[in-house]
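**Student:** Mind folding the following:
(one chain, ligands or ions: 1)
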Amino acid sequence: MKNYKPEQLERWDKQYVWHPFTQMRQWQKERPLIIEKGEGSYLYDVEGNKYLDGISSLWVTVHGHRKREINQAIIEQLDKLAHSTMLGQANITSTLLARKLVEITPEGLNKVFYSESGSTAVEIGLKIAYQYWQQQGEEKDKDKRKFVSLVNAYHGDTIGSVSVGGIDLFHKIFASLLFETISAPSPYCYRCPLNLSKENCSMECVNEMESLLDRHHHEIAGVVIEPVVQGAAGMLVAPDGYLAKVRELCNRYNVLLIADEVAVGFGRTGKMFACAHENVSPDIICLAKGITGGYLPLAATMTTNEIYNAFLGEVYECKTFYHGHTYTGNPVACAAALANLELFEKDKLIETLQGKVTLFTEGLKRFKELQHVGDVRQKGLMAGIEIVENTATKEPFPVKYNIPHRIVLEARKNGLIIRPLDNVMVLMPILSMSLTELTQVLDITYAAIKNVTEEETLC
Ligand code: PMP
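**Tutor:** Numbering: from 1, shown residues only. This next block holds a predicted model:
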């Protein structure tokens, strides 16, 4: 490809591109960071500057950028086949990957339905759950058409996944397009919606879910949940035992448990899947992001045999699941995913993560001492640092100060890429980072938060 000047690229980007989740007026005012290449834990911009990738690109990179083994697997697959439809055909890598996913995911998830993004994985999970109940023998099961989801939930950006979302900033504007969902309180312990304190709450939020299920279970198809951590909500870590209790409630009230492991899956929380922290097997699991190690768009919605069997019937009965995207089960993406999963084993990634998680946990402790850090939440290698103006009242800084964005720019000046969620600074280091790199991520973030929030003149 021809070499273009950074100024030319900036001009064309601003002229032609509309960026996701981006205030485009602010984007137009600033110099964009234009990335040219990656290597291991680093990204390089078009001017040759080097940055540690503190958010694993968009929470996806597992073994680092430009990983030889994954590159190689993609090249080999490209030499055979770039794409073939899964409608009426199979391909080799999607078959092998499905077999592997069944082996590594929680017990009982035996069937794999492919798509391309976390949003579609969830959308498919919802549609499967809905149709499952419609195809049950008993008339009363056909009333199970609604979902329970959590306040602050984020499950993607398609209309179905937004319907089970609960972040007003992203979702409220679409309210009249969405289907009705029953909301249960979120385990946001720092700002408990039930005004309880973390130490003696006895998980009232799950009790609230219990009473919702008690009242509505006859009309509920499933509970959709991000296991252990509500990511986009600001890294809200649920109390121990929360997920197991939700599983128990789903069993008791005969509703499906749909686990959205799009963000927390593939090692992010320190275990291969977050459900494993509480030995939970969901009825449906939604996977994406880390599935290809951060390389190519691929997602999987997995179900139990029981759910799958409800779609068999007799050929003439037409219980088919009428859903499928053109690039479903793309062989190149599946080859990348297979190489990614092989590396998990070869590099003993989950075992080596444990030392990193300890360092990360220890390193995050001192953030609490900062004058404007209200809360620090972490599980595995994912963390959220909530910035407040006043730690006593938990009042955030006025929006006009633009504190989170200023922290991002300060960190970038010192060679680290991060991105906030509202007032929460997010750290999602690449799982393969060395201990030294992890320490740098923590040090640069600490200094950036301190410098910006403790500046003499903030406004
Ligand atoms: N579910 C969760 C929990 C997520 O964090 C995300 C993306 N951040 C999604 C679903 C949507 O995934 P995608 O952006 O690939 O559509």
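**Student:** Count residues in the vicinity of the residue of the stretch 51-200 of the chain found nearest the ligand, would you?
**Tutor:** Ranked by CB to the nearest ligand atom, the top residue of the stretch 51-200 of the chain for proximity to the ligand is residue 118, at 2.1 Å. All C-beta atoms are positioned from the backbone trio N, CA, C, and that covers glycine. Around residue 118 there are 29 other residues, counting by other CB atoms under 10 Å.
**Student:** same check, this time on residue 158
**Tutor:** By other CB under 10 Å, 16 other residues sit near residue 158.
**Student:** what's the answer for residue 42, then?
**Tutor:** Neighbour count for residue 42, taken as other CB under 10 Å: 18.
**Student:** With the one 4 residues further on instead?
**Tutor:** By the measure other CB under 10 Å, the count of residues near residue 46 is 19.
**Student:** pLDDT score for it?
**Tutor:** At residue 46, the model reports a pLDDT of 96.
**Student:** now residue 458
**Tutor:** pLDDT, residue 458: 61.
**Student:** Could you do residue 138 as well?
**Tutor:** Residue 138 carries a pLDDT value of 89.
**Student:** just the one 10 residues further on next, same as before
**Tutor:** Taken from the predicted model, the pLDDT recorded for residue 148 is 98.
**Student:** Verify the contact between it and residue 185 for me.
**Tutor:** No - with contact defined as CB atoms under 8 Å, residue 148 does not reach residue 185; the gap is 11.1 Å.
**Student:** Now list whatever residues contact both of these two.
**Tutor:** residue 209 (CB atoms under 8 Å, 6 or more residues apart in numbering).
**Student:** of these two, who's got more company?
**Tutor:** Using other CB under 10 Å as the criterion, residue 148 and residue 185 rank with residue 148 on top: 26 against 19.
**Student:** Strands of the stretch 251-400 of the chain, residue ranges please.
**Tutor:** In the stretch 251-400 of the chain, the strands defined using DSSP state E, counting those that start in this stretch lie at 256-260, 284-287, 299-303, 373-379, 382-387.
**Student:** So the longest one, near the ligand or not?
**Tutor:** No - using CB under 6 Å from any ligand atom, strand 373-379 never reaches the ligand; the gap is at least 13.4 Å.
**Student:** Stretch 319-333 vs the ligand: in contact?
**Tutor:** No - residues of stretch 319-333 are not located near the ligand by CB under 6 Å from any ligand atom, the shortest gap being 12.3 Å.
**Student:** And the contacts of that stretch?
**Tutor:** Under the criterion CB under 8 Å, 6+ apart, residues 74, 77-78, 80-87, 91-94, 113-116, 120, 124, 127-128, 131, 135, 292, 295-298, 310-313 lie in contact with stretch 319-333.
**Student:** Counting only helices, which of those make the cut?
**Tutor:** 74, 77, 78, 92, 93, 94, 120, 124, 127, 128, 131 (DSSP state H).
**Student:** dump the residue contacts of the third one.
**Tutor:** When you say that, I think you mean residue 78. By CB under 8 Å, 6+ apart, residue 78 lies in contact with residue 332.
**Student:** I'd like the distance from stretch 345-353 to the chain centre, please.
**Tutor:** Averaging C-alpha positions (CA atoms, centre = their mean, to the nearest Å) puts stretch 345-353 21 Å from its chain's average.
**Student:** distance between the ends of that stretch?
**Tutor:** Stretch 345-353 has its terminal residues 12 Å apart, counting by CA to CA, to the nearest Å.
**Student:** Quick one: residues in contact with it.
**Tutor:** The contact list for stretch 345-353 (CB under 8 Å, 6+ apart) reads 62, 63, 267, 270, 271, 272, 343, 344, 380, 381, 431, 432.
**Student:** Now do the strands in the stretch 1-150 of the chain.
**Tutor:** Using DSSP E, counting those that start in this stretch, the strands of the stretch 1-150 of the chain run over 35-39, 42-45, 50-53, 111-115, 146-150.
**Student:** quick one, which of the ones you listed is nearest to residue 396?
**Tutor:** Closest approach to residue 396 among these (CB to CB): strand 146-150, 21.4 Å.
**Student:** Partner strands of that closest one, with direction?
**Tutor:** Strands that pair with strand 146-150, judged by DSSP bridges, come out as strand 181-184 (parallel), strand 220-225 (parallel).
**Student:** Who are the packing partners of the next helix or strand after the longest one?
**Tutor:** Moving toward the C-terminus from strand 220-225, the next helix or strand (DSSP states H and E) is strand 229-230. Contact partners of strand 229-230 among helices and strands, from 3 or more CB pairs under 8 Å, 6 or more residues apart in numbering; DSSP states H and E: strand 236-237.
**Student:** Put the alpha carbons of stretch 235-244 into PDB.
**Tutor:** Extracted C-alpha coordinates of stretch 235-244, given in PDB (Å, rounded to 0.1, in the frame of the first residue of the first chain):
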ATOM      1  CA  MET A 235     -16.800  -2.900  35.600                       C
ATOM      2  CA  LEU A 236     -19.400  -3.700  38.200                       C
ATOM      3  CA  VAL A 237     -18.200  -6.900  40.000                       C
ATOM      4  CA  ALA A 238     -21.100  -8.900  41.500                       C
ATOM      5  CA  PRO A 239     -20.700 -10.200  45.100                       C
ATOM      6  CA  ASP A 240     -19.500 -13.900  45.400                       C
ATOM      7  CA  GLY A 241     -22.400 -16.200  45.200                       C
ATOM      8  CA  TYR A 242     -24.500 -13.900  43.100                       C
ATOM      9  CA  LEU A 243     -24.300 -15.800  39.900                       C
ATOM     10  CA  ALA A 244     -24.900 -19.200  41.600                       C
END
